[in-house]
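Novice: Predicted structure and sequence below. I'll ask about it afterward.
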Amino acid sequence: MIGYLLLAPLLVGLLVFRAYGFGYNIWLSFMNAGAFGAPKFAGLANYQDLLGDNQLRVAILNTFKFAIIAVPGVIVVSLALATLMQYRFRGQSVFRAIVFLPAVCLPTAAILVFGWMFQTQYGLVNSALQVMGASPVSWFGSASGVTVVVSLLVVYLSFSVPTIILYAGMQDISPDLYEAATLDGAGPVRQFFSITLPLLTPSLFFVIITTTISALKLFDVVYVLLPPVDHSVSLNYGFTLVYYYFYLAFLETGQRGYAAAVSLVLLLIILAVSIVLMRLQRRFVHYGENG
Amino acid sequence: MHAQNQAGWRIYAITTIVGLLILAPFAWMVATGLMTTGQTLMVPPRLIPSPPTLDGVIEVFNRIPFATLLFNTIVVSAGRAIGTLIVCATAAYALAIIKVPGTSAILVGILALIMVPGDIFIVPNFAIIASFRMTDTLVALFLPSVFDVFGVFLLYQFFRGVPRELIEAARLDGASHLRILATIVVPVARSGIVSLAILSVLSEWKDLLWPLVVNRSIDKLTLGPGLALLRGVYTTDWNVVMAAGAMAALPMVVIFLVLQKQFITSFARSGLK
């Protein structure tokens, strides 16, 4: 009895903010709910609108584009950093602290610095390009420019935690294997691909899944990086699904019913991607055990 | 032996370059924060503020209520951590120590909920908070997130490791469950509690979307969204923005440097499964 009493705060909270919230979202997705007045039943209208919504298409494409570029980036960077951290060298603890700085830095601050570094006229990056003889780039004036800056930022802000998880995974691999490989004449590169990488697959897949899911939920980077004044830039180059959902519900005309439908699209996409990745993981790990 | 030395030298060079690359945005933030607006508008850019000035720092306080934002951030992070710890520790105790009937079904539900992205609850949660008449309050910022299913699962794993004999001995002595939770389970599972506290504080610290939605007045915002408002409509005084960024990032960086070990263990545990 006391047990259920102890569970009560959690269960009540989940009932209100998750179960009711989820039901409300589904209900809302069938409503025409604006900023003012009571919601009116709209049937499947919101879902029909989804199909013909060009802005939604842009948002989905952007979300996938950023994820497809940034996730491999995060994985490669964190694999490299975790490998570096396996070595013993002076200043190791300082290096480890530096690797974690992006994870504890206020994201808004980091995003603003990147915005400043990539500023067209006075930014560091363009000056560096000019010194090297290249012409300056209008980073926020084109889809490809925005993609580069957003992807770099996502990588910068997200590599720290994967690094520690992969580092821990590497620590679990028996040193005997490396010794045997050295005796057999395998160099460090060969050892990395034949021992480290295959034995790291469980941590690697975990990191891939969590990084992908958080990339699909991308909001803060584009929101802070692309100022609201330049609506055209945000709308065309930077809109992600979460940003679009937020924009619909709270910024533009307050189309909350439609926003709810968009949020369900986001949920479906994240679930679908998670299931695909988990399937892949099962196959991959299984293959490893047999091979 | 010679080959090994060479490898060491190379590793040293690589880590130095990588470390500097990671630090570069921070350094540039601080350097710009110490410039005048005029110095930020030079082509090619000055790397070092000469002479350094606190103009930007002072201007931050004119443009945004920085002290209020910092205070709010501390209150909200503490509220989030305390709320999360109470909700998760009591629930994890019921599941791991008492093992209430239905524990396995509840655990399955919890694991399934971990998969559902919280961002889809922004609109309904806003409606719920609004119906509680709690918009534009500090509590609204952390209330929905204290019911943290990942936190329950994390503590559940730790609580299961608490030796049964300790709990049974306390039961025989007539100690209540709350007492056992506070005096035996929490101290034994201390490192799990610390990890959950750190992860909760960090996640509150970094949150941007929910504060922007639920609180409209700047006096009730945290540093992240408050800072986002500094971006000018037509021009941006980058020295002011960078000074604010550096000042806002500083507290957590300092806490991290002090509690480095605990932070890194907590990060590793966020990948627990």
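Specialist: Noted; the coordinates are in hand.

Novice: make it CA atoms for all contacts and neighbour counts henceforth
Specialist: Will do.

Novice: Secondary structure element for the residue of the stretch 101-250 of chain B found nearest chain A, which one?
Specialist: With C-alpha to the nearest C-alpha as the measure, residue B:245 is the residue of the stretch 101-250 of chain B nearest to chain A, at 4.5 Å. With secondary structure defined by DSSP states H and E, residue B:245 is part of helix B:238-258.

Novice: what's the answer for residue A:6, then?
Specialist: Under the criterion of DSSP H and E, residue A:6 resides in helix A:2-14.

Novice: circling back to that earlier point, just to check, the residue of the stretch 101-250 of chain B closest to chain A is in contact with residue B:29?
Specialist: Yes: distance between residue B:245 and residue B:29: 7.2 Å, which falls inside the contact criterion (C-alpha atoms under 8 Å).

Novice: In terms of neighbours, single out the busier of the two.
Specialist: Remark: of residue B:245 and residue B:29, residue B:245 carries more neighbours, 30 against 27, as counted by other C-alpha atoms under 10 Å in any protein chain shown.

Novice: Over to residue A:141: give its phi and psi.
Specialist: Main-chain torsions, residue A:141, degrees, to the nearest 10: phi -100, psi 0.

Novice: ok now do it, which residues does it touch?
Specialist: The contact partners of residue A:141, taken as C-alpha atoms under 8 Å, 6 or more residues apart in numbering or on different chains, are residue A:233.

Novice: quick one: it from residue A:60, how far?
Specialist: Distance of residue A:141 to residue A:60, computed by C-alpha to C-alpha, to the nearest Å: 20 Å.

Novice: which secondary structure elements does the next helix or strand after the helix holding residue B:245 contact?
Specialist: Moving toward the C-terminus from helix B:238-258, the first helix or strand encountered (DSSP H and E) is helix B:260-269. In terms of contacts (3 or more C-alpha pairs under 8 Å, 6 or more residues apart in numbering or on different chains; DSSP states H and E), helix B:260-269 is packed against helix A:160-171, helix B:190-206.

Novice: Would you convert these into CSV that also reports mean pLDDT, mean neighbour count and distance to residue B:257?
Specialist: Converted to CSV, those look like this (pLDDT from 0 to 100; neighbours: other C-alpha atoms under 10 Å in any protein chain shown; distance: least, C-alpha to C-alpha, whole Å):
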stretch, mean pLDDT, mean neighbour count, distance to residue B:257
helix A:160-171, 93, 23, 15
helix B:190-206, 95, 21, 13
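
Novice: tell me which helix or strand of chain A sits lowest on mean pLDDT?
Specialist: Considering only helices and strands, the least confidently modelled element of chain A by mean pLDDT, DSSP states H and E is helix A:231-233, at a mean of 70.

Novice: circling back: buried stuff in the helix holding residue B:245?
Specialist: For helix B:238-258, burial by neighbour count (16 or more other C-alpha atoms under 10 Å in any protein chain shown) applies to B:238-249, B:252-253, B:256-257.

Novice: If you compare the directions of that helix and helix B:260-269, what angle comes out?
Specialist: Between helix B:238-258 and helix B:260-269, the angle comes out at 90 degrees (axes from the mean of the first three to the mean of the last three C-alpha atoms, to 10 degrees).

Novice: what's helix B:238-258 in contact with?
Specialist: Under the contact criterion C-alpha under 8 Å, 6+ apart, helix B:238-258 has outside partners A:97, A:101, A:104-106, A:108-110, A:112-113, A:116, B:26, B:29-30, B:32-37, B:40, B:55-57, B:59-60, B:70, B:223, B:227, B:230-231, B:263.

Novice: next one: stretch A:56-72
Specialist: A:50, A:147, A:150-152, A:154-155, A:208, A:211-212, A:215-216, A:218, A:236-241, A:244.

Novice: Quick check, the residue in the stretch 101-250 of chain A closest to chain B?
Specialist: Using C-alpha to the nearest C-alpha, the single residue of the stretch 101-250 of chain A nearest to chain B is residue A:109, 4.5 Å away.

Novice: tell me what the one helix or strand that residue maps to is packed against?
Specialist: Residue A:109 belongs to helix A:107-117 when assigned by DSSP H and E. Judged by 3+ C-alpha pairs under 8 Å, 6+ apart, the packing partners of helix A:107-117 are helix A:124-131, helix A:143-158, helix A:220-225, helix B:2-33, helix B:223-228, helix B:238-258.

Novice: wait, residue B:84 sits on residue B:146?
Specialist: Yes: using C-alpha under 8 Å as the test, residue B:84 is close enough to residue B:146 to be in contact (4.3 Å).

Novice: which of the two has more neighbours?
Specialist: Higher neighbour count among residue B:84 and residue B:146: residue B:84, with 26 against 23, using other C-alpha under 10 Å.

Novice: Can you give me the distance of that one to chain A?
Specialist: The span separating residue B:84 from chain A equals 9 Å under the rule C-alpha to the nearest C-alpha, to the nearest Å.

Novice: Now do the contacts for that residue.
Specialist: Applying C-alpha under 8 Å, 6+ apart, one finds that residue B:84 lies in contact with B:145-148, B:151, B:197, B:200.

Novice: which among these gets closest to residue A:201?
Specialist: Comparing the contacts of residue B:84 against residue A:201 with C-alpha to C-alpha places residue B:151 closest, at 25.4 Å.

Novice: Kindly confirm whether my reading is correct that the closest one touches residue B:196.
Specialist: Yes: under the contact definition of C-alpha under 8 Å, residue B:151 touches residue B:196, with a separation of 6.3 Å.

Novice: out of the contacts of stretch A:56-72, which are buried?
Specialist: Neighbour counting with 16+ other C-alpha under 10 Å marks A:50, A:147, A:150-152, A:154-155, A:208, A:211-212, A:215-216, A:218, A:237-241, A:244 as buried within the contacts of stretch A:56-72.

Novice: Can you name the residue of the stretch 1-150 of chain B nearest to chain A?
Specialist: The stretch 1-150 of chain B approaches chain A most closely through residue B:91 (4.4 Å), counting by C-alpha to the nearest C-alpha.

Novice: is it true that that residue lies in a strand?
Specialist: No: counting by DSSP: H, G, I helix; E, B strand; the rest coil, residue B:91 is located in no strand; its state is helix.

Novice: Great, nothing more from me.
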